[in-house]
Every structure is written in structure tokens, then in C-alpha cells.
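Visitor: Provided below are the primary sequence and the corresponding predicted coordinates.
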Amino acid sequence: MKGLNELKAAIGNCTNCTLYETRSCVVMDEERERVILLLLGEAPGGHEDRISGKPFSGEAGHILTDLLEKVGLKRNQCYITNSVKCRPTKPSQKGRYGPYANRKPKVSEIKACRCFLENEISLLKPKVIATLGGVPLGSILHKSSVRLEEYHGKPFFSQEFNCYVFPLYHPASIIYRPRLGQVYEEDLNKLKIFLSNKFNEKG
Ligand code: URA
């Protein structure tokens, strides 16, 4: 791939799994010249797929923006993307965006999409990938499930991607587990210190 536009076109033509059947657009962030921090989420939700075409623009995105701001990290200085590029859906009459609701991506869908993630990372060459939740960390580690309790807040180096990986919880997990809010802030503070020590990056 020569650039993000070519990657976007390839994702738009992808039929590697069945998620293309309900894809309404390719959800992708703006290209950035220099990416220190790449935030890696799970998969687009309804708002991202149906309304904005931008990752983390719905409810989880607002939580993410607030959390980043609390520790003085700026969202527009990170590149944000997802492990699975199309919205995983299940039929639902109560869906806010058409007759579908969001669901977690299947392991087969995560695997089918990994080639795009690999391409994206090799184009952007981030210094640090902060994974948001178990799905992106599992994808990075080639594991079908991970225990985030063991990994969160502890950076490690990925030989495969030639950069650090900093595991975080998924921002939406705070909705279901409000006590994680405190842990999340502590982890983000660690990330901020990590970025400024290693890359002199203020966020
Ligand atoms: N929106 C995204 O783009 N990714 C997520 O993981 C959740 C919401």
C-alpha cells in the first residue's frame, strides 16, 4: 500500500468476512504527518458507520475525549483507528441506526481484518500503540482472548510492529464498571509520563 487513501479503497472493496454486507462507509481518521501515539479501538459502532465515518465519534468517543483531556492529552494529536474496520452488527428492532445493534467482533473477523491493521501501522509508523480494550490487545498479540487486568498500564515492546504497546481498558467499560474510572485516569497518567520520558511528547 502506498498510502492511507489506497488502504481505505482496499477496505471499501473487502469481502474477507460478512461484515461488508452492512458496511455503509469506511471509518478512518485523518492522515497525520507524524504519528507518535496511535489509539487502537475495537470496531466502529453505529455512529461511526452511519453518521460520521470517523472512529470514536459516538458515546465511547466522548468518554475517550474527556479522559484524554483530564490528563492533558489532545485527541487531535493522536491517530485513532480500529482493529476491525467494519461495524459488527446483530439484527435488532431497537437499533438507533437502522435495524441493527452493535456487537463484539468475532475472532474470525478480527483475524480477517488484521492485514489492514498491519498495513495501517506500517504506513503510519507510530512510536506507541495504546490499545483500548481486550480486542485490540488480543489482535496485536495474536491471542483470541486476554486478561486486561494483567496487562493494563504496563507498556511492552512489540517486535512485530517495532513500537511500544500500552494497554488500556476500553473507554466504554467505564459505563458498565464506574470504578474503573480511577484506574483509567491512573493508566492515562502513566501513558502521559511514558510519552514524555521516551519521546519528549506532551500529547
Ligand atoms: N467506536 C470506535 O470507533 N471504536 C470502538 O472501539 C468503539 C466505538
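Guide: Structure's in. What do you need? Numbers count the residues shown, from 1 in each chain.
Visitor: contacting residues around Ala10?
Guide: Going by Cβ atoms under 8 Å, 6 or more residues apart in numbering, Ala10 touches 1, 116, 119. The C-beta positions use only the backbone N, C-alpha and C, and glycine is treated the same way.
Visitor: Please apply the same query to Asp49.
Guide: Contact partners of Asp49, counting by Cβ under 8 Å, 6+ apart, are 22-25, 27, 86-87, 97.
Visitor: how does it look with 10 Å?
Guide: If you count contacts by Cβ atoms under 10 Å, 6 or more residues apart in numbering, Asp49 has them with 19, 22-27, 43, 58, 86-89, 97-98, 100, 102.
Visitor: For the buried ones among the residues you listed, write the corresponding ChimeraX selection.
Guide: Listed next is the ChimeraX selection for buried residues among these, using 16 or more other Cβ atoms under 10 Å:
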select :19,22,23,24,25,26,27,43,58,86,87,88,89,97,100,102
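Visitor: Cross-check the contacts of Asp49 against the ligand and keep the overlap.
Guide: Contacts with the ligand within these, counted by Cβ under 6 Å from any ligand atom: 43, 58.
Visitor: pLDDT weak spots in the protein?
Guide: Along the chain, the model assigns pLDDT under 70 to residues 201-203.
Visitor: So which bits of it are right by the ligand?
Guide: Contacts of the chain with the ligand, taken as Cβ under 6 Å from any ligand atom, map to 41-45, 48, 55-56, 58, 60-61, 82.
Visitor: Next, give phi and psi for the closest residue to Arg23 other than its chain neighbours.
Guide: Nearest residue to Arg23 in three dimensions, chain neighbours excluded: Cys86, at 4.4 Å (Cβ to Cβ, 6 or more residues apart in numbering). Note on Cys86: backbone dihedrals following degrees, to the nearest 10 are phi -110, psi 160.
Visitor: residues contacting Cys86?
Guide: By Cβ under 10 Å, 6+ apart, the residues touching Cys86 are 11-12, 14, 16-27, 43-44, 49, 105, 109, 112-113.
Visitor: Keep only those of the residues you listed that are in strands.
Guide: Judged by DSSP state E, the contacts of Cys86 include no members of strands.
Visitor: Pull out the buried residues from the helix ranked longest in the chain.
Guide: Longest helix of the chain, by residue count under DSSP state H: helix 180-199. Residues of helix 180-199 classed as buried: 180, 183-184, 187-188, 190-192, 194-195 (neighbour count, 16+ other Cβ under 10 Å).
Visitor: same question, stretch 162-171
Guide: 163-171.
Visitor: Just send those back as JSON lines, with secondary structure too.
Guide: Formatted as JSON lines, those follow (DSSP: H, G, I helix; E, B strand; the rest coil):
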{"residue": "Cys163", "secondary structure": "strand"}
{"residue": "Tyr164", "secondary structure": "strand"}
{"residue": "Val165", "secondary structure": "strand"}
{"residue": "Phe166", "secondary structure": "strand"}
{"residue": "Pro167", "secondary structure": "strand"}
{"residue": "Leu168", "secondary structure": "strand"}
{"residue": "Tyr169", "secondary structure": "coil"}
{"residue": "His170", "secondary structure": "coil"}
{"residue": "Pro171", "secondary structure": "coil"}
